[in-house]
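In: Sharing a sequence plus its predicted fold:
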Amino acid sequence: MKKGRVTIKDIARELNIAPSTVSRALNDHPAIKKETKEAVKALAEKLDYQPNLLALNLLQKKSNTIGVIVPEITGHFFSAIITGVQDVIVHSEYNIMICLSNESYEEELTIVKRLSKIQIDGVLVSPSSETKNFDHFKKLQKSGIPIVVFDRDCPGLEADKVLVDDYFGAFQAVEYLIGIGCNRIAHLGGPLNLSTTEHRLQGYLDALHKNKVAVNDQYVVHVSGFSHEEVELATKELLNNNELPDAIFAYSDNLAISAMHTAKELGLQIPGQISIVGFDDEPHSAFITPALSTVWQPVYSMGMLSARILLSHLKNPNTPPEYRKEVFKPELVIRASSKENKLVSED
């Protein structure tokens, strides 16, 4: 027997039968005698024969693979979503292929083209912060590949969507800050074309309006990217106002933590002079000093539900799609970075 991967031809040669007979015996074809099946399967096990799934998938015009496109996996958020996806997919016939767009629309386009070429069976996607056009996702759908959008919405794209009520989370956070005596609340927002940015900004504004707190345009700044340098510049812009904000509601925990670092460098006490609240509840947010108040999102559950919805489409490929939109409610987590400032309340 030759060294290397064992093939059907190798088994056929060893048993002096046709390769087609081996193939049918391995697949329990009724035309093959019981004795032949047993001999073929015994030799296949002895030689550790593994079927060529790639060739089989090409023959069946499917890959038994699901693509998961995410902007990044360095933080807890997307890695937790992927874990939720994997914990569902592992019990199915499918594998997952994780693809990183690195917050780049161009890289996202390239990923989608490659997934299409390898006959991917379905796609779970959270679009990049640069993505404004969703035609590449529509092309996948037209070729029969189902898509589930999670976390970041794709407005105008008809697809299954698993999201979080970002508006509600932001509204909760800002109303809480108002409740502890803050009335100069700034917003450190994310990239403007993201649906999550838009919804969190609107929650911030509506909480101020509802509680009759004046909106100061100078207290609202947005970052175009998520690097510490960009957040530092945006935070300094907020903190260099003639009237210092007494609170910052940040788009994410990472932005909030960068803002805390910058505020400390400027000599500000947190929460003595300024309260800070983030969004995401990253695990490390509870262990920085002071521990960060934030908005918790059920990210693991988002991953699991996204995978289950996609699998339901793959199991029923001929059923007309009835798109689902599932929206999870986030929860406010209060920690040390946003305690009431007694000095301010006494003035």
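Out: Thanks, I have it.
In: got the buried residues for stretch 139-152?
Out: Under the neighbour-count criterion of 16 or more other Cβ atoms under 10 Å, stretch 139-152 has 140-141, 145-152 buried. Placement of C-beta: from N, CA and C, glycine included.
In: Please apply the same query to stretch 308-320.
Out: Applying 16+ other Cβ under 10 Å to stretch 308-320 flags 308-311, 313-314 as buried.
In: rewinding a little: among the buried residues of stretch 139-152, which are in strands?
Out: Those of those mapping onto strands are 147-150, per DSSP state E.
In: Just name the closest of the residues you listed to Pro245, please.
Out: Using Cβ to Cβ, Phe150 is the member of those that sits closest to Pro245, with 32.6 Å.
In: what's across from the closest one in the sheet?
Out: Judged by DSSP bridges, the bridge partners of Phe150 are Val162.
In: From what I see, it and Leu163 are in contact.
Out: Yes: counting by Cβ atoms under 8 Å, Leu163 is a contact partner of Phe150 at 7.1 Å.
In: circling back to that earlier point, out of the ones in strands among the buried residues of stretch 139-152, which two sit at the greatest distance?
Out: Spatially, the most separated pair among these is Ile147 and Phe150, at 10.2 Å (Cβ to Cβ).
In: just the helices in the stretch 51-200 of the chain please.
Out: Taking DSSP state H, counting those that start in this stretch to define them, one finds helices in the stretch 51-200 of the chain at 53-60, 76-89, 105-117, 135-142, 166-179, 195-210.
In: and those helices as TSV, adding distance to Ala256 and mean pLDDT?
Out: Conversion of the helices of the stretch 51-200 of the chain to TSV gives the following (distance: least, Cβ to Cβ, whole Å; pLDDT from 0 to 100):
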stretch	distance to Ala256	mean pLDDT
helix 53-60	45	54
helix 76-89	13	96
helix 105-117	26	95
helix 135-142	31	96
helix 166-179	10	98
helix 195-210	12	98
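In: and the ones you listed, which is most packed in?
Out: helix 166-179 (a mean of 22; mean count of other Cβ atoms under 10 Å).
In: And that helix, what does it pack against?
Out: Packed against helix 166-179 by the contact rule (3 or more Cβ pairs under 8 Å, 6 or more residues apart in numbering; DSSP states H and E) you find strand 185-189, helix 195-210, strand 247-250, strand 275-277, strand 294-296, strand 331-333.
In: which intervals of the protein have sub-threshold pLDDT?
Out: 1-4, 52-62, 340-347 (pLDDT under 70).
In: How is it partitioned into domains?
Out: As assigned by automatic domain parsing, the chain contains the domains 8-51, 63-164+299-327, 166-297+333-346.
In: can you give me the end-to-end distance of the shortest one?
Out: I take that to be domain 8-51. Domain 8-51 has an end-to-end distance of 8 Å (Cα to Cα, to the nearest Å).
In: please begin residue numbering at 432 from this point
Out: Fine by me, first position is 432 from now on; the one you just mentioned is domain 439-482.
In: returning to what we had before: output the helices and strands packed on helix 597-610 as TSV; include the columns distance to Arg444.
Out: Below are those laid out as TSV (distance: least, Cβ to Cβ, whole Å):
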stretch	distance to Arg444
strand 616-620	67
helix 626-641	59
strand 678-681	67
strand 706-708	70
strand 725-727	61
strand 762-764	64
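In: Provide a list of residues in contact with Tyr525.
Out: Going by Cβ atoms under 8 Å, 6 or more residues apart in numbering, Tyr525 touches 495-497, 552-553, 742, 745.
In: which residue packs closest to Asp637, ignoring adjacent ones?
Out: Residue nearest to Asp637 in three dimensions, not counting chain neighbours: Phe602, with 6.0 Å by Cβ to Cβ, 6 or more residues apart in numbering.
In: what about that neighbour, distance to Asn685?
Out: Phe602 sits 21 Å away from Asn685, going by Cβ to Cβ, to the nearest Å.
In: And Met735, by the same measure?
Out: From Met735 across to Asn685, the span is 24 Å (Cβ to Cβ).
In: Also Gly634?
Out: The spacing between Gly634 and Asn685, counted by Cβ to Cβ, is 19 Å.
In: Could you do Thr505 as well?
Out: Counting by Cβ to Cβ, the separation of Thr505 from Asn685 is 10 Å.
In: and if you look at Leu699?
Out: Distance from Leu699 to Asn685, counting by Cβ to Cβ: 19 Å.
In: try Gln572
Out: For Gln572, the distance to Asn685 (Cβ to Cβ) stands at 32 Å.
In: if I pick the residue nearest to Ala449 when sequence neighbours are not counted, what's in contact with it?
Out: Beyond its immediate neighbours in the sequence, the residue positioned closest to Ala449 (Cβ to Cβ, 6+ apart) is Ala443, lying 6.1 Å away. The neighbourhood of Ala443, defined by Cβ under 8 Å, 6+ apart, consists of 449-450, 452-453.
In: how about a cut-off of 10 Å?
Out: For Ala443, the contacting residues are 449-454, 456, 471, 474, by Cβ atoms under 10 Å, 6 or more residues apart in numbering.
In: Could you look up the SS state of it?
Out: Three-state call for Ala443 (DSSP: H, G, I helix; E, B strand; the rest coil): helix.
In: now it: how far from Asp479?
Out: Separation of Ala443 from Asp479 (Cβ to Cβ): 17 Å.
In: right, and Pro558 touches Leu540 too?
Out: No: using Cβ atoms under 10 Å, Pro558 makes no contact with Leu540, being 11.1 Å away.
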